[in-house]
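> Sharing a sequence plus its predicted fold:
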Amino acid sequence: MLEGLEATVKMLSQVKENNPTFRLDSEYYDSYYLRLLDSLNQQKTDKLSDITEWITQGPNPIFTEGASIPCLTGRNINKGRVNYENADYISDKEYEGLKRFQLKKGDTLITLKGKGAIGKIGFVTTDMKAIFSRNIGIVRPSKKINPAYLNAYILSKYGHGLVLRGETGGTGQSTLTCSYLKGLDIPRLYNEDEIGGMVLQSEAVLNTAQSLYSSAENYLLECLGMQDFAANPDAYNVKTLKESFLESGRIDAEFYLPKYEDYVNVVSEYAGGVAPLGKVCTIKDSNYTPEHGVKYRYIELANIGKSGDITGCSYENGEDLPTRARRIIAQGDVIVSSIEGSLNSCALVTDDYDQSLCSTGFYVVRSSLINAETLLTLFKSLPIQQLLKKGCSGTILTCISKQEFENIPIPLIRPEMQEEIAKHVRRSFALRKEASELLKKAKLSVEHAIEIGGGGE
């Protein structure tokens, strides 16, 4: 009857040993975690609390619209990276009372709450006037350990596996406690500085990739003659019925803000010509029904990076996918979020994600007139972003309809300019992949050193 089942037998004295939270649930004694611990027991280790200055949970600040000081939440942390895009913000006054939670170079951030969101890792590479929220824990290393090495270890299968071991909450609200993290064993390896160097090199390469992408965006604005463009900031406009509802069918005041007229005018004046998006692009909106028993890569908003890259995906069987997973994407497609508040979530589909599924919250487009890299840069540019925002409507879920999307004016960038933009974007994507490989190499180096017994003196 028990064939194929797995069991671990522990004495009560063993359960109490090195178990500050006194866990009795079977998941805590899963054989996978025990194998990780067996490997670590062959190494010289330090407790995380002995090599850190600070391990604590973030505060519960009051967010303020229009404020300027970022407060990181779980969506700002993933795969060893920290990004400040789409952060929540706090006021200067709120910050003054929470200064002790300011991020410092060398901090490692770990998400502490949320089913399926526990244990995401981020490494802080520069001192920032920013704090972190209550669903994040901070690990601030002391001078006793290389911070970048510590981050690589926590990202490795050993560190990350044992971080996830501390998850509690079952089917309810999952949590990870800082008291559990303090008891983690950290192996002291002979090549800690070498591993840390790979992490820092990965960050440097990533910064170069981001700079290249920014240069592509700046060049596009030059092409459009918009380097120094400033739209009318007025929050009102006067329109006749004929000029408004009878022409557009829209009665919401935001649609007629003067700044949107300015963006339409400056895009329409492009010397190379302009055409509606529906004439320039093919919109791939056919639904695909996933097959049962077939595993798919699924991409949603959380998987889109700030430089037009896809940062990851989930792997699910067809029957387990959400009902919004209905778009097949191919290499060379550009996906564009239709949801207001996430319109900047646009990405170029590379060969790594060819034939994946994405959410119906994206428009999937490609063009025979504009190369994919230029199309991506256009969608993420300030003028097109503003026009996408102009087109949004709705109450509970505000988004841009297909009809409004098709009517967005798209400048027909000259071929030689398109090639220049594409060159920068391709190089940016190549460097981004190189940065990921360097970080992967750092994690594998940790794992290899542990497995060959590479403890330090």
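It's in.
> and Gly391, what does it touch?
Gly391 is in contact with Ile400, Ser401, Glu404, Phe405, Asn407, Ile408, counting by C-beta atoms under 8 Å, 6 or more residues apart in numbering. Backbone N, C-alpha and C define where each C-beta goes, glycine included.
> Mind putting the residues you listed into TSV with neighbour count and pLDDT?
Shown next, in TSV, are those (neighbours: other C-beta atoms under 10 Å; pLDDT from 0 to 100):
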residue	neighbour count	pLDDT
Ile400	25	95
Ser401	13	94
Glu404	20	94
Phe405	22	96
Asn407	16	95
Ile408	23	96
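> Please tabulate these in a markdown table and include secondary structure as additional columns.
Supplementary listing: the contacts of Gly391 in a markdown table, determined by DSSP: H, G, I helix; E, B strand; the rest coil:
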| residue | secondary structure |
| --- | --- |
| Ile400 | strand |
| Ser401 | coil |
| Glu404 | helix |
| Phe405 | helix |
| Asn407 | coil |
| Ile408 | coil |
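> Among the residues you listed, list the two that are farthest apart in space.
Ser401 and Ile408 (11.4 Å; C-beta to C-beta).
> any idea which of the contacts of Gly391 is closest to Asp285?
Phe405 (10.1 Å).
> Tell me how far that closest one lies from Leu388.
According to C-beta to C-beta, to the nearest Å, Phe405 stands 8 Å off from Leu388.
> and what of Ser31?
Distance, Ser31 to Leu388, by C-beta to C-beta: 50 Å.
> Neighbour count: those two, which is higher?
Using other C-beta atoms under 10 Å, the more surrounded residue of Ser31 and Leu388 is Leu388, with 24 against 11.
> dump the residue contacts of that one.
With C-beta under 8 Å, 6+ apart, Leu388 has these contacts: Val336, Leu343, Phe379, Ile400, Phe405, Ile408.
> Could you check which helix or strand contains it?
Element membership for Leu388 (DSSP states H and E) is helix 382-391.
> quick check: mean pLDDT across that helix?
Confidence over helix 382-391 (mean pLDDT, whole number) is 95.
> Any idea how far the helix or strand just after that helix is from the middle of the chain?
Next in sequence after helix 382-391, counting helices and strands by DSSP H and E, comes strand 392-393. Chain-centre distance of strand 392-393: 25 Å, with C-alpha atoms, centre = their mean, to the nearest Å.
> which helices and strands does strand 392-393 pack with?
strand 399-400 (3 or more C-beta pairs under 8 Å, 6 or more residues apart in numbering; DSSP states H and E).
> Apply 10 Å and report the result again.
strand 399-400, helix 402-406 (3 or more C-beta pairs under 10 Å, 6 or more residues apart in numbering; DSSP states H and E).
> by contact count, what packs against the shortest one?
If contacts are counted by 3+ C-beta pairs under 10 Å, 6+ apart, strand 399-400 sits against strand 334-337, helix 382-391, strand 392-393.
> May I have the strands that pair with the shortest one, each with its orientation?
For strand 392-393, the paired strands and their directions (DSSP bridges) read strand 399-400 (antiparallel).
> what about the partner strand, distance to the chain center?
The answer for strand 399-400 is 22 Å, by C-alpha atoms, centre = their mean.
> what comes into contact with it?
Contact partners of strand 399-400, identified using C-beta atoms under 10 Å, 6 or more residues apart in numbering, comprise 336-343, 361, 363, 387-394, 405-408.
> Kindly recompute the last result at 6 Å.
Ser338, Ile339, Leu388, Gly391, Cys392 (C-beta atoms under 6 Å, 6 or more residues apart in numbering).
> which residue sits closest to Tyr32, ignoring its sequence neighbours?
Leaving out its chain neighbours, the residue that sits closest to Tyr32 by C-beta to C-beta, 6 or more residues apart in numbering is Gly161, at 6.9 Å.
> Now name the helix or strand holding the one you found.
Take DSSP H and E as the rule and Gly161 turns out to sit in helix 157-165.
> elements contacting that helix?
Under the contact criterion of 3 or more C-beta pairs under 6 Å, 6 or more residues apart in numbering; DSSP states H and E, helix 157-165 touches helix 31-40.
> if we go to 8 Å?
Contact here means 3+ C-beta pairs under 8 Å, 6+ apart; on that basis helix 157-165 packs against helix 31-40, helix 147-155, strand 185-187, helix 415-451.
> buried residues in the longest one?
Think helix 415-451. Residues 417-418, 420-422, 424-429, 431-432, 434-436, 438-439, 441-443, 445-447, 449-450 are the ones in helix 415-451 that count as buried (16 or more other C-beta atoms under 10 Å).
> May I have the helix holding Leu388 as CSV, with CA atoms only?
These are the backbone C-alpha positions of helix 382-391, laid out as CSV (Å, rounded to 0.1, in the frame of the first residue of the first chain):
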residue,chain,number,x,y,z
LEU,A,382,6.6,58.9,-24.6
PRO,A,383,4.4,60.1,-27.4
ILE,A,384,2.9,56.7,-28.2
GLN,A,385,2.5,55.9,-24.5
GLN,A,386,0.5,59.1,-24.1
LEU,A,387,-1.7,58.3,-27.1
LEU,A,388,-2.3,54.8,-25.7
LYS,A,389,-3.3,56.3,-22.4
LYS,A,390,-5.6,58.8,-24.2
GLY,A,391,-7.4,55.8,-25.9
